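Colleague: Let's see this in three dimensions:
(chains A and B)
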There are 2 protein chains.
Amino acid sequence: MSILTVGTVAFDTIETPYGKVERVVGGASLYASWAATFFAKDVYMISIIGDDFPNEELAKLEARGAITSGIERVSGGKSFFWSGKYLDDMISRETLVTDLNVLADFNPVIPAEAKSPDYVLLGNLTPAVQASVLDQLENKPKLVVLDTMNFWIDIARAELDAVIARVDLLTINDEEARMLSGEQSLMKSAKIIMDMGPKYLIIKKGEHGAMLFHKDEIFYVPAMPIPDVIDPTGAGDTFAGGMLGYIASQDKVDFETLKSAIVYGSATASYCVEDFSNEKLKQLAKEEILERVQKFKKLVDFSL
Amino acid sequence: MSILTVGTVAFDTIETPYGKVERVVGGASLYASWAATFFAKDVYMISIIGDDFPNEELAKLEARGAITSGIERVSGGKSFFWSGKYLDDMISRETLVTDLNVLADFNPVIPAEAKSPDYVLLGNLTPAVQASVLDQLENKPKLVVLDTMNFWIDIARAELDAVIARVDLLTINDEEARMLSGEQSLMKSAKIIMDMGPKYLIIKKGEHGAMLFHKDEIFYVPAMPIPDVIDPTGAGDTFAGGMLGYIASQDKVDFETLKSAIVYGSATASYCVEDFSNEKLKQLAKEEILERVQKFKKLVDFSL
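Modeller: Numbering: from 1, shown residues only, chains lettered A, B, ... in the order given. Model prediction:
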């Protein structure tokens, strides 16, 4: 089953209490595609880079089953660059630099062979760009997942609402759910947001896990407790990519499958944060993800 | 199996986004004992009140199996009074008034018939008072649970450390765990705190649930999502009381029993917050707690 991921492929300079790394690879599509390829092949990546982006990093993705020919390379351009610093709580972060570079003119063109994906992940981008990807698809995908952030809720609410209405699953964090719904209670927020279009909603709560909503049903997955979160960058994209990869591997879209999928996504993300950039993911075997899924089971298991 | 709870029996004036109540009954021992009596009888209450505290509220506790003869009534004295206001997030709260009143001279004397309890809950009080209760016991209880707060970590650290070293299970929130251990990672905090004495540690995370630590094992229980948290006051004490009541009903102290117990405690607490004071607990049937425990099971259940 084919997957399409749209999002940044970029450089990050990141400082956390555990250290600092300069111009490491990152971006939503990179993390999500890396994670998805643990479970699925045919992961089309749609993105834009400058000619500063290392070919060998794309080659590593290709070797895993990602298809990078849909990544536009702008000759003489520079890749998107983000620099940030995480505070001691590893949740609050300060953005130091955002250089859009080639992303400023990103106008994704989906190659013919990628126009009928089974599963789609629209990473955090301008809502108009996310919509233009949907406009180019030739068949209705089995599941479209949308990620967004507070920034777009603030400055592009109408465009964001329009794209939210077209997707099946929205992933946002708890603060964004409250902003989007104007409601403090997450249960009430979830109802309001699902009424805007998506059949499914995932509310991410960082170190506190994530909640999946569907009609009147709720599923909760905690974050896997790990001794040291080294770098949270990319955790949300890894989560989404792992989740969608698992769904594609099962080729089934229902609440039961999505429940399992968010555990697989969480397990994958729990490794991502154990090192900077995608370093840990590069070392990771699929068996280790399965082991951690078992740990999630044990973490919440109790006798009545 | 007998339980001893030590803590306040008091009046609270509480304002939340849902309304305001004046001088309603509250206090750690009151909430904990109310919760414990869903599961166990012989719940001795040790506390202090003024002659302003309504007899009928004690009579209701007696009717449930609590024994209130160990509550000292100070003639001409006034009961402990707390007034606070919860902000919109229902987590942050502002203390408006704390009148210690009779609590200022609380020097608990355990009646002869209550000196050999099987299970003990030391509610949040001056560590010296908590220690004096342990000093008066004639037999080693099967489990001693200690609750405390940031205030005592700040101003009575040595006395607090001394009482922590004498208990089996400590319950604190995540911020307090970080303060107590000087460590940001909760997993590392847990190790440091268990090295201080307690075999078991519960880290409460409010709307994000709670974690139980024992040696290298961790159990996670989410908070039950409910549409409207009306008043969080007493939730922590209700949680602890429900948990200890369940443990007493099983009369077994091991990790498996404690896992189930914190789900029963969470289920009881999830009702507590649905109304002001202990109003909801007063209406609650044990069957409803069991129903909610089933809901917890469903909330975290997934297929591998």
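
Colleague: Skipping adjacent residues, who's closest to residue A:177 in space?
Modeller: Once flanking residues are discounted, residue A:177 sits nearest to residue A:189: 4.5 Å by Cβ to Cβ, 6 or more residues apart in numbering or on different chains. C-betas here are computed from N, CA, C, even on glycine.

Colleague: For that neighbour, what is the enclosing helix or strand?
Modeller: helix A:186-195 (DSSP states H and E).

Colleague: Quick check: buried residues in that helix?
Modeller: A:186, A:187, A:188, A:189, A:190, A:191, A:193, A:194 (16 or more other Cβ atoms under 10 Å in any protein chain shown).

Colleague: what sits against the residue nearest to residue A:177?
Modeller: Neighbour list for residue A:189: A:177, A:178, A:180, A:181, A:183, A:203 [criterion: Cβ atoms under 8 Å, 6 or more residues apart in numbering or on different chains].

Colleague: Most widely separated two among the residues you listed?
Modeller: Within the contacts of residue A:189, two members stand farthest from each other by Cβ to Cβ: A:183 and A:203, at 12.0 Å.

Colleague: Same list (the buried residues of helix A:186-195) but as CSV, adding distance to residue A:129 and pLDDT.
Modeller: Putting the buried residues of helix A:186-195 into CSV (distance: Cβ to Cβ, whole Å; pLDDT from 0 to 100) gives the following:
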residue, distance to residue A:129, pLDDT
A:186, 28, 93
A:187, 31, 95
A:188, 30, 95
A:189, 25, 97
A:190, 26, 98
A:191, 28, 98
A:193, 21, 98
A:194, 24, 98
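
Colleague: How about the contacts made by the residue nearest to residue A:69 when sequence neighbours are not counted?
Modeller: Sequence neighbours aside, residue A:111 is the residue nearest to residue A:69 in space, at 6.4 Å (criterion: Cβ to Cβ, 6+ apart). Contact analysis of residue A:111 by Cβ under 8 Å, 6+ apart lists A:44, A:69, A:70.

Colleague: between those, which is nearest residue A:208?
Modeller: residue A:44 (32.7 Å).

Colleague: Tell me which of the contacts of residue A:189 has the lowest pLDDT.
Modeller: Among these, residue A:183 carries the lowest pLDDT, at 93.

Colleague: so it makes contact with residue A:190?
Modeller: No - the pair residue A:183 / residue A:190 is not scored as a contact, 9.1 Å apart, by Cβ atoms under 8 Å.

Colleague: Would you map the strands across the stretch 101-250 of chain A?
Modeller: Under the criterion DSSP state E, counting those that start in this stretch, the stretch 101-250 of chain A carries strands at the ranges A:119-122, A:143-147, A:169-173, A:200-204, A:210-214, A:217-221.

Colleague: Show me the contact partners of the third one.
Modeller: Just to be clear, that refers to strand A:169-173. A:143-149, A:164, A:180, A:193, A:198-206, A:236, A:239-240, A:258.

Colleague: redo that, cut-off 7 Å
Modeller: Residues outside strand A:169-173 that contact it (Cβ atoms under 7 Å, 6 or more residues apart in numbering or on different chains): A:143, A:145-148, A:164, A:180, A:193, A:198, A:200-206, A:240.

Colleague: near chain B too, which of these?
Modeller: residue A:205 (Cβ under 7 Å from any Cβ of the partner chain).

Colleague: Contact residues of the stretch 51-200 of chain A facing chain B?
Modeller: Residues of the stretch 51-200 of chain A lying near chain B (Cβ under 7 Å from any Cβ): A:88, A:89, A:184, A:185, A:186, A:187, A:188.

Colleague: So the fourth one sits against residue B:225, correct?
Modeller: Pointing back at residue A:185 there. No - the pair residue A:185 and residue B:225 fails to qualify as a contact (Cβ atoms under 7 Å) at a distance of 8.6 Å.

Colleague: which stretches of the stretch 101-250 of chain A aren't confidently modelled?
Modeller: Within the stretch 101-250 of chain A, no range satisfies pLDDT under 70.

Colleague: Excluding sequence neighbours, find me the nearest residue to residue A:99.
Modeller: residue A:81 (4.2 Å).

Colleague: Same list (the contacts of residue A:111) but as a markdown table, adding pLDDT.
Modeller: Below are the contacts of residue A:111 laid out as a markdown table (pLDDT from 0 to 100):
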| residue | pLDDT |
| --- | --- |
| A:44 | 98 |
| A:69 | 97 |
| A:70 | 97 |
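
Colleague: which among those residues gets closest to residue A:300?
Modeller: For those, the nearest to residue A:300 is residue A:44 (34.7 Å; Cβ to Cβ).

Colleague: how close does the residue nearest to residue A:67 when sequence neighbours are not counted sit to chain B?
Modeller: Nearest residue to residue A:67 in three dimensions, chain neighbours excluded: residue A:44, at 4.9 Å (Cβ to Cβ, 6+ apart). Noted for residue A:44: a distance of 28 Å to chain B, by Cβ to the nearest Cβ, to the nearest Å.
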